[in-house]
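Chemist: Provide a 3D model corresponding to the input given below.
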Amino acid sequence: MADSTTARSLQRAEEYIANYQACRKLYQSGKLEECADAVRHYLKTIDNNSSLSFLILLAGCSVDEETANALHQANTLWSSSRAFYAHGQTEEVETALNITRLLLDTTKRLHEATDTAHVLTKSDHVETKQDASEKKLMSLGTHNALQHDLR
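Modeler: Modelled structure (predicted):
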């Protein structure tokens, strides 16, 4: 009985990896519709926890290396919490995941604000617009900190 359970677990893991690699290859080659169809088809065959893990990993294909690493860490935390606590995540893991989400959101907003500031520095009104960009950047940081406190 234990051998058949282990064999089935290994088979599911191999299917997961094969499907992930196939979807990633489709995504990276620009075949987005085919990738979306493959993802939808595969997600129907696995449970919700595996689906979340799969989507987090696949999301890492579309972002820069720093964000992909954060997504990978979030996935590792999620997987660890599910492995050790079958009834749900611990508060510590939930907090770590929320921090990761906050960091991803903050990183995205900082990139947007930096891009805006860079574009504005090339304009005629450098000082006033750059000051406005810096204020926007500060308010985004305050906003994200407040969001984190509310979680």
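Chemist: mind checking the SS state of G30?
Modeler: On the three-state scheme (DSSP: H, G, I helix; E, B strand; the rest coil), G30 is labelled coil.
Chemist: show me the shaky parts of the chain.
Modeler: Applying pLDDT under 70 to the chain flags residues 1-2, 48-49, 52, 56-57, 59-151.
Chemist: and it, split by domain according to the record?
Modeler: When the chain is parsed with automatic domain parsing, its domains come out as 1-62, 64-151.
Chemist: ok, how many other residues are close to the closest residue to L43 other than its chain neighbours?
Modeler: Computed as CB to CB, 6 or more residues apart in numbering, the closest residue to L43 that is not its neighbour in sequence is S51, at 4.8 Å. To be clear about C-beta, it is placed using only N, CA and C from the backbone, and glycine gets the same treatment. Other residues near S51 number 15, with proximity taken as other CB atoms under 10 Å.
Chemist: ok, now S53?
Modeler: Counted by other CB under 10 Å, the residues lying close to S53 total 20.
Chemist: understood, closing this out.
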